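S.K.: With the sequence up front, the predicted model follows.
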Amino acid sequence: MFQARLLVVAVAAATTVLPATPATAGDTAHRLAAPVDGFAAVAGDGLATTTGGEGGRVVVATGLDDLKAYAAATEPLVIRLRGSIVVAPFGDMIKVGSDKTIIGAGPGAELVGGGLYINQQHNVIVRNLTIRDSYVPGDWDGKESTNDNDGIRIDTSHHIWIDHNRIERVGDGAIDTRKDSDFVTMSWNVIADTNKALGLGWTTNVITHITAHHNWIRNTFQRNWSIDNAAAAHLYNNYLQDIGQYGTMSRNAAKVVVQNSWFDHVNDPLVAKDATSELVQTGNVFNGSSGRRDTAGAAFDPAAFYPYTMDPADQVPAIVRAGAGPQPVRQRPQAGVVTVALDGSGDYGSLMGALGAHPRIILVKPGVYREVVRVWEDMAGVAVVGAGRSPADVVITYDLPAGGTKFYGGTYGSAGSPTFTTLGNDVTVRNLTLANSYDETVAPSQALAVRTVGDRAIFDHTRFVADQDTYKADSPNRDQVSRAYLHDCYIEGDVDFIYGRGTAVFDGCEIFSSDRGAPANNGWTTAASTSDDNPYGFLFTHSRFTSDAADGSVHLGRPWHPGGDVRALAQVVIRDSYLGPQIAAVPWTEMSGFPWQEARFFEYRNTGPGAAINENRPQLDPADAPGFTRESYLAGADNWQPWRFAGHR
């Protein structure tokens with residue numbers, strides 16, 4: 001029903017609303033007609049409330065020059081932005097003056113390649129717009145000196161209402177509220193497919209009052225929000241989904257209240273960073289979200305500033321999905337094949353941005369892409385394919401160590417360290433390199449290139465490159481089996497660099513042990529932690545174990561018992577493979593007091609100078625060997641046969 005309505009009466013001022021419609025469960029029509037609320041409606045700094053360009057002329061901007069002129073005008077204006085306006089030069093910020101409403105006229109209203117800048121102004125409304133694609137390819141961190149490409153930037157301004165917008169794939173922050181800005185409301189916005197979402201602060205003064213409600217933040221990494229030195233930040237009924245690093249953070253002397261919000265697969269959902277940070281949370285729901293859920297101090301009582309009514313937290317995902325973003329909604333067809341390129345020739349400049357479009361296939365053009373990639377559960381079924389002549393032509397890399405300290409405390413761990421993680425099922429990766437470039441000589445640490453959690457992952461003709469713990473074959477929990485099939489892959493590392501509780505088959509792969517410069521012990525290839533009720537852990541078949549390390553200095557594996565778990569019973573079979581001279585005479589060793597003899601380690605029909613048969617090399621019985629094949633490891637109840645789709649047969 002709400003799609004048939006306009007957000008405001010287009011020929012009148014932006015705050016002239018449609019008649020309210022009686023609300024029913026799940027109906028958001030009454031919300032779309034609502035006037036400004038929250039702190040933007042509170043009197044202060046000489047204004048009674050936020051009205052934007054109400055009372056001024058209504059003008060239409062269809063081109064960049066018109067928009068710039070109207071936005072900077074000294075008179076009150078309601079600026080109806082129509083169609084798609086490409087910002088030039090790329091990354092430019094259009095300056096917006098006081099007493100302005102900029103409102104999108106229909107679902108196609110958008111700014112492409114730039115954003116809006118509200119600097120030392122007041123009484124501004126931005127509604128119903130899409131702001132997108134100011135991302136600088138290759139600068140995922142947003143650190144280049146030429147890249148400060150925010151979606152909306154607010155500096156030392158007051159009475160600002162940001163409502164029903166969509167901001168995605170920008171170069172730096174989606175919305176940055178900075179430098180003593182005050183009386184701000186952000187409502188019903190979609191922030192998506194970008195590293196930095198919503199930052200607030202850049203000042204030592206504790207001034208800002210901000211309300212944020214019914215916003216949908218998804219497939220982002222940090223600043224969701226990062227709230228620094230806010231006098232009062234009231235966040236309610238927001239939907240945070242698929243967040244890579246941290247959710248909402250109270251920093252320095254900020255006072256933050258978070259209510260009836262839904263955190264869906266958010267790492268460290270609520271963080272009070274400093275001793276003076278205050279964070280009160282009530283009624284929130286945490287789904288698949290691990291890490292910190294801090295509370296600290298008393299913060300403030302939002303009801304002392306303004307009246308408000310919250311939706312039940314369990315209804316937030318449905319309500320926000322239905323009502324957030326520009327209205328009426330323009331349905332976007334799911335993409336089939338999209339391309340990613342650093343030179344601007346692709347549909348997207350980052351893999352993160354491409355995944356947010358939920359395509360079937362992502363073709364990644366040659367180049368080195370520095371970014372952290374999470375293939376979330378709702379991105380299941382995607383294929384990521386390097387478009388180069390070899391896997392070395394397309395490199396996805398980052399450098400987070402598992403033992404590295406987050407700036408707000410704690411370590412990244414094995415879940416936060418990987419450059420590339422598959423959380424969804426049925427993900428295929430082909431013809432590229434996945435690397436963790438962390439230098440372990442700086443400080444020894446695990447540093448994962450790849451972690452697979454979802455079921456039925458396929459890696460074909462793909463390189464995994466790191467040092468310690470290169471690849472973790474994982475699963476959602478110890479009693480749930482997730483399977484991965486690696487065909488014609490190259491895996492490089494030094495210590496325990498293929499490990500975990502998942503089930504993984506390495507078919508025709510090269511397993512390369514890097515020289516650690518320790519001839520007595522150059523590390524272990526595997527550290528499986530297979531559950532005792534899972535008959536299948538790691539199978540290496542028709543593969544090659546190679547190295548540049550000294551002869552006899554590399555072990556095939558050791559049994560990992562996470563946290564001393566006695567039910568972890570490592571299962572590894574290496575069969576019909578070539579073992580180089582680096583393999584130690586006693587290739588299996590104990591780990592943390594657990595003897596290797598109690599694990600399920602077997603070899604079968606291996607060749608090469610590192611192969612041998614003796615009391616230290618348990619062999620499969622020929623009668624049992626037919627039960628340890630890629631089919632037995634992977635077929636399962638669903639008869640999964642990934643080798644049919646991995647470059648052969």
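M.R.: Structure received.

S.K.: Count the neighbours of Tyr536 for me.
M.R.: Applying other CB atoms under 10 Å, we find 21 residues neighbouring Tyr536. Just so you know, the C-beta spots here come from the backbone N, C-alpha and C atoms, and that holds for glycine as well.

S.K.: now Ala415, what's its secondary structure?
M.R.: At Ala415 the chain is in helix, as set by DSSP: H, G, I helix; E, B strand; the rest coil.

S.K.: who's in contact with it?
M.R.: Asn267, Ser290, Thr421, Arg451 (CB atoms under 8 Å, 6 or more residues apart in numbering).

S.K.: next one: Arg57
M.R.: If you count contacts by CB under 8 Å, 6+ apart, Arg57 has them with Glu75, Pro76, Leu77, Val78.

S.K.: List the beta-bridge partners for it.
M.R.: For Arg57, the beta-bridge partners are Leu77 (DSSP bridges).

S.K.: Look up how far Glu75 lies from it.
M.R.: Between Arg57 and Glu75 the computed distance is 7 Å (CB to CB, to the nearest Å).

S.K.: Then His555?
M.R.: Distance from His555 to Glu75, by CB to CB: 77 Å.

S.K.: Who has more neighbours out of the two?
M.R.: It is His555, of His555 and Glu75, that has more neighbours when counted by other CB under 10 Å, with 23 against 12.

S.K.: and the gap between that one and Asp294?
M.R.: Distance of His555 to Asp294, computed by CB to CB: 42 Å.

S.K.: same check, this time on Ile175
M.R.: Counting by CB to CB, the gap from Ile175 to Asp294 is 23 Å.

S.K.: Please say which of the two ends up with more neighbours.
M.R.: Neighbour totals were compared for Ile175 and Asp294, and Ile175 leads with 31 against 19 (other CB under 10 Å).

S.K.: Note down every partner strand of the helix or strand encompassing that one and its orientation.
M.R.: Using DSSP states H and E, Ile175 sits within strand 173-178. If you go by DSSP bridges, strand 173-178 pairs up with strand 152-155 (parallel), strand 190-201 (parallel).

S.K.: so which of the ones you listed gets nearest Asn260?
M.R.: strand 190-201 (18.2 Å; CB to CB).

S.K.: What mean pLDDT does the closest one get?
M.R.: Mean pLDDT, computed over strand 190-201, is 97.

S.K.: now the helix or strand following it against strand 190-201, angle please.
M.R.: Note on strand 190-201: by DSSP H and E, the next helix or strand toward the C-terminus is strand 209-213. Orientation of strand 209-213 against strand 190-201 (axes from the mean of the first three to the mean of the last three CA atoms, to 10 degrees) gives an angle of 160 degrees.

S.K.: For strand 209-213, which outside residues touch it?
M.R.: Here strand 209-213 makes contact (CB under 8 Å, 6+ apart) with 37-40, 42, 44, 177, 182-188, 198, 200, 225, 227, 230-238, 302, 305-306, 308.

S.K.: Just the C-alphas of that strand, formatted as PDB.
M.R.: Taking Å, rounded to 0.1, in the frame of the first residue of the first chain, the C-alpha atoms of strand 209-213 are listed here in PDB:
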ATOM      1  CA  HIS A 209      22.000  15.500  20.100                       C
ATOM      2  CA  ILE A 210      21.000  12.900  17.500                       C
ATOM      3  CA  THR A 211      18.100  10.500  17.000                       C
ATOM      4  CA  ALA A 212      18.300   7.500  14.600                       C
ATOM      5  CA  HIS A 213      15.400   5.200  14.100                       C
END
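
S.K.: export the next helix or strand along the chain from it as CSV, just CAs?
M.R.: Once strand 209-213 ends, the next helix or strand along the chain (criterion: DSSP H and E) is strand 216-228. Taking C-alpha atoms only, strand 216-228 is exported to CSV below (Å, rounded to 0.1, in the frame of the first residue of the first chain):
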residue,chain,number,x,y,z
TRP,A,216,18.7,-0.4,7.7
ILE,A,217,22.4,-0.8,7.8
ARG,A,218,23.7,-3.9,5.9
ASN,A,219,26.9,-5.3,4.4
THR,A,220,29.1,-2.7,6.1
PHE,A,221,32.2,-3.0,8.2
GLN,A,222,32.7,-0.2,10.6
ARG,A,223,31.0,3.0,12.1
ASN,A,224,27.5,1.5,12.5
TRP,A,225,27.4,4.0,14.4
SER,A,226,30.7,5.3,15.8
ILE,A,227,29.5,7.9,18.3
ASP,A,228,32.1,10.2,19.7
